[in-house]
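Participant: sequence and computational prediction follow.
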Amino acid sequence: MKTKIRIFSLLIFIVIGAWMAPQKASAQNGSVSFQVFYDELSPYGTWIDSPEYGYVWVPDVAPGFTPYATNGYWVFTVDGWTWISNYAWGWAPFHYGRWYTDPYYGPMWVPDNQWGPGWVTWRRSGDYYGWAPIGPGISIEIAYGNGYNLPFNQWTFVRDRDFGRRNINNYYVNNSNNITIINNSVVINNVQVDRTRNVRYNAGPERVEVERRAGKKFATVAIKETSRPGQKMSNNQLQIYRPMVQKDVPSQRKPAPARVVDIKEVKPPAERGNKAQPQKPYQTTKDQPAKQQPTPPQQQQQQRKEQPAKQQPAPQQQQQQRKEQPAKQQPAPQQQQQRKEQPAKQQPAPQQQQQRKEQPAKQQPAPQQQQQRKEQPAKQQPTQPQQHKDQPAKTQPEPQTKPPKTWGG
């Protein structure tokens, strides 16, 4: 009896679980609207109301940002070549909607509800692969046809051997060569159909062809859907938020950003990027010291270089200056004597060395001179250089024979 009750309870549990699981999934997918874009992207940019496209998002990025080229790379998944963005907000603008570039405000994103590995148009030319973002309102039939032409500077090309690298941004071809490459290229028309989502997209170059040209194999990256906005690449698996998005949900109010800014208030990319990404000013601060050094710091270094040069040859310069103006340099030794007791003894030491080289016999009166300096320190320095200059031969006998006249006069 107990066994039958357990089996019956287990069956009920299985039936309830099987009924709730699809309901939960459908509720999660069906309840997502454009509001998720408006809310999740607001911290990373500005929403404006475009008369042509409606609500458009302007990202806060550094100057030079290019969609599907900056801060990301391509990996091969079950859906084809999929763009992996390193931006926290990359799960949305690179897999939903379209990009276009304004001449003044830079790249802007127009949201849409269809998910794809990357909304770009692909081309192949000789040894190159290239791609460019599809503009707003362009259907897949037009985007991947020969009649759809984008400005040459919106294309990104790499050599076929470098395609599939994780650091692919280091291998982009200079866009000055884009015109030549585009004129010799053909469209890669590898359109696939996602019947679960009812979406048509371009999967990009065939993996077998890329492997042959690059000379290496590419493992297929698995895609795991997450329940929260974001994306992460780990252990050859892409964890990404890609819900089924509805443009309008009847049971909810019309989606709209919490804050919409007039297009005239949007700053150009140079100012907008500095505000949003602190690492940009940090780089400029690295450059600034080099620019600031030529003014105050360099002057300080020059002054320091000049000062040691003056301190080392000071005895020679001081001798010349003492010969010419002995009275002006007396305060300096006196101040040094007040600060320290030995600086005054260190200054005449170089003089004594020079005197020893010129007149080694002058070393004998040094002790007497030191005693006399203790008695009359202020008068020793001006008289001694004068005596060495005018009467070098009389310096020895004068302190011995007539000391009162020499040091008192």
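Facilitator: Thanks, I have it.

Participant: next, give phi and psi for the closest residue to Q252 other than its chain neighbours.
Facilitator: Closest residue to Q252 apart from its sequence neighbours, by C-beta to C-beta, 6 or more residues apart in numbering: S33 at 6.3 Å. To be clear about C-beta, it is placed using only N, CA and C from the backbone, and glycine gets the same treatment. Dihedral angles of S33 (phi, psi; degrees, to the nearest 10) stand at phi -130, psi -170.

Participant: next one: R259
Facilitator: phi -140, psi 130.

Participant: how many neighbours does it have?
Facilitator: 9 (other C-beta atoms under 10 Å).

Participant: confidence score at it?
Facilitator: At R259, the pLDDT value in this model is 96.

Participant: now for Q114: which residues touch it?
Facilitator: The contact partners of Q114, by C-beta atoms under 8 Å, 6 or more residues apart in numbering, come to 96, 197, 199, 201.

Participant: before we move on, what about W89?
Facilitator: 40-41, 44-45, 59.

Participant: for it, give its distance to Q154.
Facilitator: To Q154, W89 is 21 Å away according to C-beta to C-beta, to the nearest Å.

Participant: again, but for R124
Facilitator: From R124 to Q154 the distance is 17 Å (C-beta to C-beta).

Participant: in the protein, which helix or strand is least confident?
Facilitator: Within the chain, no helix or strand scores below helix 279-292, which has a mean of 32 by mean pLDDT, DSSP states H and E.

Participant: before we move on, the earlier item: and the least confident of the contacts of Q114?
Facilitator: Note: of these, the lowest pLDDT belongs to R197, at 89.

Participant: quick one, strands of the stretch 151-300 of the chain?
Facilitator: Counting by DSSP state E, counting those that start in this stretch, the segments of the stretch 151-300 of the chain that form strands are 156-159, 186-187, 191-194, 199-202, 222-225, 231-234, 237-240.

Participant: okay if I get these as JSON lines plus mean neighbour count and distance to P257?
Facilitator: Shown next, in JSON lines, are these (neighbours: other C-beta atoms under 10 Å; distance: least, C-beta to C-beta, whole Å):
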{"stretch": "strand 156-159", "mean neighbour count": "20", "distance to P257": "30"}
{"stretch": "strand 186-187", "mean neighbour count": "13", "distance to P257": "36"}
{"stretch": "strand 191-194", "mean neighbour count": "13", "distance to P257": "28"}
{"stretch": "strand 199-202", "mean neighbour count": "20", "distance to P257": "25"}
{"stretch": "strand 222-225", "mean neighbour count": "12", "distance to P257": "25"}
{"stretch": "strand 231-234", "mean neighbour count": "14", "distance to P257": "22"}
{"stretch": "strand 237-240", "mean neighbour count": "18", "distance to P257": "23"}
